[in-house]
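**Student:** With the input below, show me the fold.
(2 chains)
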Amino acid sequence: MATESANGVSSPELNERDVVITTNDNRNFTVKIGVARVSKTINNMIQDLGESLDLSSGIPLPNVDGPIFEKVLEWCEEHKNAPEIKVEQDPHTRERKWFTMTEWEEEYFRKFLSHLWDLAMAANYLEIPSLYYYTCQKLAERIKGRTPEQIREMFGIEDDLTEEEKAEIRRTNVWCTY
Amino acid sequence: MSSKKSKSKKTISKSKKTFISKPGISKQVLYRAQKMSLNLSDEKLPEFVHFEILLRLNTKELIKNCTLVFKKWNSVLTQPQFWIQKCEYDGRNEALPPVHLRQLPFNYKKICLKTPFGRNLIQAYPNQLKNTRNACRSDKDFGGDPRWIYQQKQGTSKEITIDLLEEGFDEFVLDQLRPTITISEYVAHRADCGARYHMEASLLTKKKEFFQNLPSEMVTRFETRKTFDQWESQKWFKIEHCFKKYPVGVRYILFESEGSDLQGWAGHYGSKMAKPSVVVHYEFNNMPDELKTDAEKHENPCSGIMDVEDRDGNAETSKNKKKL
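**Tutor:** Numbers count the residues shown, from 1 in each chain, chains lettered A, B, ... in the order given. Down below sits the predicted model:
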């Protein structure tokens, strides 16, 4: 299969071509370059490899497994033409604003609620700012207003603090009263 | 956003190294070697992912709930760096110490939650007032800001006590570093009636007592008086004092002011007071020299009465003291 030069990377034609991406469980995904490039990590690899990129033998992703990459791809497909997200501040309080999600995005997170941590990790590694920030926000939303017990249960976190340690933490934060 | 960017760059360079600069190693080997378990309590889960999530929660919730979930979060939430970022995330950079002082062992959790520095500690005014007699609030003066106006009647007084520990200062800060404490208040009178004003501010011990037998350079008390003549043109004056050299053990600040009219008329004809303020600054008077900036090495005494409208100073403290 022919290789592409780095100069031609931005051409719409190339975006329509396929690239094979291999996850760490040896699964091969054939993906349109235009979709794969939503990940800056992949995009950089495509650009850096330039001429030497062999589209058919593909790009390895040693830090992502198949089931998660599948979910990430769904996001990439939807966001392939989306503009970069902007982190905005409230002009008055200068506090960072929460992102407003589309119906599709809300549905996406509803569907993969139990995989939010993995998605955040994968999005961070693959450098997909929209997915990374939105997932973190979603996680924060889930944590908000919940007790430590509820948080642990929700994310399947093992309670590794002893009662003495908890009492100590409470004691050091006792001034937090108002 | 900028800190995020730098992290992203790191990731890029890592990936380049892995995939490009080592063409000899087979991909198979590469991705087996780098396989990483995606587990929340995994030690390898980068800390900044935890940061990114927790920064979005409110400070109180973080301290009360999130510290108790598991060890990892408790350790994230005891890091000064997290709380510094939290202040920045919330757009409250002014709550933080200047960069060259951040190595000092501040309780950043407290700084983030209570903002002790750089804030007017008299915030709940006038609810913070105690022993207030014969005063009424006026909404007319001072740019129409009703929160701060207090018009004095015959023999009126007010008193505010500030609990420094409650406001978020650690004993270490008060005793070892001894930050500059600035107190100020604006005062004026009614043009048609002469008035008298007297203000006192004191630093108190943990038993709310005055300090006794101090060396002469230590100042824990500031007092000023001012008299306005009838038909003197009405102006607002700012009275300000900085406490810099004070002893170990300051825990409270007592701020008292009183005033009355000189004509003895019925009604609210006395001196007016507005915008009382107590601010503690990130400026330390007992700090090791190597941490001082050049500006801090210069003594900068600030005390006295400033004329708000023209700063030529028509009314010095001494002049008014004679009149009394």
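**Student:** For chain A, give me its nearest residue in the stretch 51-200 of chain B.
**Tutor:** The nearest approach of the stretch 51-200 of chain B to chain A comes at B:Gly91, 2.5 Å away (CB to the nearest CB). Every C-beta, even on glycine, is put in place using the N, C-alpha and C of the backbone.
**Student:** mind pulling up the phi and psi values for the residue nearest to that residue when sequence neighbours are not counted?
**Tutor:** Of all residues beyond its chain neighbours, the one nearest B:Gly91 is A:Arg94 (2.5 Å), with distances taken as CB to CB, 6 or more residues apart in numbering or on different chains. As for A:Arg94, its main-chain torsions (degrees, to the nearest 10) stand at phi 60, psi 10.
**Student:** now do B:Val278
**Tutor:** Dihedral angles (degrees, to the nearest 10) for B:Val278: phi -130, psi 120.
**Student:** Show the contacting residues for it.
**Tutor:** Contacts for B:Val278 (CB atoms under 8 Å, 6 or more residues apart in numbering or on different chains) come out as B:120-122, B:160, B:162, B:181-183, B:201, B:253, B:255.
**Student:** what's the spacing between A:Leu116 and A:Phe99?
**Tutor:** Separation of A:Leu116 from A:Phe99 (CB to CB, to the nearest Å): 15 Å.
**Student:** These two: which is more packed in?
**Tutor:** Taking other CB atoms under 10 Å in any protein chain shown, A:Leu116 and A:Phe99 do not tie; A:Leu116 has more neighbours (21 against 16).
**Student:** My guess is the more buried one contacts A:Lys138. True?
**Tutor:** Yes. Using CB atoms under 8 Å, A:Leu116 is in contact with A:Lys138, at 5.8 Å.
**Student:** And the helices in the chain?
**Tutor:** Answering for chain A, as no chain was given. Along chain A, counting by DSSP state H, helices occupy A:12-15, A:33-36, A:40-49, A:66-78, A:103-111, A:116-126, A:129-143, A:148-155, A:163-172.
**Student:** that answer is for a different chain, and I need it for chain B
**Tutor:** All helices of chain B, identified by DSSP H, fall at B:2-19, B:27-33, B:47-54, B:59-64, B:71-76, B:80-89, B:108-114, B:171-172, B:294-297, B:317-323.
**Student:** sorry, back to before: mutual contacts of A:Leu116 and A:Lys138, please.
**Tutor:** Residues touching both A:Leu116 and A:Lys138 (CB under 8 Å, 6+ apart): A:Phe109.
**Student:** tell me the contacts of the residue of chain A found nearest chain B?
**Tutor:** At 2.5 Å from chain B, A:Arg94 is the closest residue in chain A, using CB to the nearest CB. Shown here is A:Arg94, whose contacts under the criterion CB under 8 Å, 6+ apart are B:90-92.
**Student:** will you turn those residues into a markdown table that also has pLDDT and neighbour count?
**Tutor:** Conversion of these to a markdown table gives the following (pLDDT from 0 to 100; neighbours: other CB atoms under 10 Å in any protein chain shown):
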| residue | pLDDT | neighbour count |
| --- | --- | --- |
| B:Asp90 | 89 | 19 |
| B:Gly91 | 87 | 16 |
| B:Arg92 | 87 | 18 |
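**Student:** Strands - which of these land there?
**Tutor:** Secondary structure from DSSP state E places none of these in strands.
**Student:** can you count the residues close to A:Lys144?
**Tutor:** A:Lys144: 13 neighbours (other CB under 10 Å).
**Student:** Select the helix or strand of chain A having the lowest average pLDDT value.
**Tutor:** Here the helix or strand of chain A ranked lowest by mean pLDDT, DSSP states H and E is helix A:12-15, holding a mean of 74.
**Student:** Wait, A:Val35 touches A:Ala82, no?
**Tutor:** No. Here A:Val35 lies out of contact with A:Ala82, judged by CB under 8 Å, at a distance of 11.7 Å.
**Student:** Which one of the two is surrounded by more residues?
**Tutor:** Using other CB under 10 Å as the criterion, A:Val35 and A:Ala82 rank with A:Val35 on top: 20 against 12.
**Student:** Reformat the helices of chain A as a markdown table; add distance to B:Lys72.
**Tutor:** Listed next are the helices of chain A as a markdown table, based on distance: least, CB to CB, whole Å:
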| stretch | distance to B:Lys72 |
| --- | --- |
| helix A:12-15 | 40 |
| helix A:33-36 | 32 |
| helix A:40-49 | 25 |
| helix A:66-78 | 21 |
| helix A:103-111 | 23 |
| helix A:116-126 | 12 |
| helix A:129-143 | 14 |
| helix A:148-155 | 11 |
| helix A:163-172 | 13 |
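**Student:** Return the most buried member of the ones you listed.
**Tutor:** Most buried of the helices of chain A, by mean neighbour count (mean count of other CB atoms under 10 Å in any protein chain shown): helix A:116-126, with a mean of 24.
**Student:** just to revisit the earlier point, show me the contacts of B:Val278 that map onto strands.
**Tutor:** Counting by DSSP E, those place B:160, B:162, B:181-183, B:201, B:253, B:255 in strands.
**Student:** Drop anything exposed from those residues.
**Tutor:** Among the ones in strands among the contacts of B:Val278, those classed as buried by 16 or more other CB atoms under 10 Å in any protein chain shown are B:160, B:162, B:181-183, B:201, B:253, B:255.
**Student:** could you dump these to JSON lines with pLDDT and distance to B:Leu68?
**Tutor:** Shown next, in JSON lines, are these (pLDDT from 0 to 100; distance: CB to CB, whole Å):
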{"residue": "B:Ile160", "pLDDT": "86", "distance to B:Leu68": "36"}
{"residue": "B:Ile162", "pLDDT": "92", "distance to B:Leu68": "31"}
{"residue": "B:Ile181", "pLDDT": "96", "distance to B:Leu68": "35"}
{"residue": "B:Thr182", "pLDDT": "96", "distance to B:Leu68": "38"}
{"residue": "B:Ile183", "pLDDT": "95", "distance to B:Leu68": "39"}
{"residue": "B:Ala201", "pLDDT": "95", "distance to B:Leu68": "41"}
{"residue": "B:Ile253", "pLDDT": "95", "distance to B:Leu68": "34"}
{"residue": "B:Phe255", "pLDDT": "90", "distance to B:Leu68": "39"}
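**Student:** Low-confidence bits of the chain, can you list those?
**Tutor:** Chain wasn't specified; assuming chain A. A:1-12, A:50-56, A:177-178 (pLDDT under 70).
**Student:** right idea, wrong chain: chain B
**Tutor:** Using pLDDT under 70, the flagged stretches of chain B are B:1-45, B:124-156, B:267, B:288-324.
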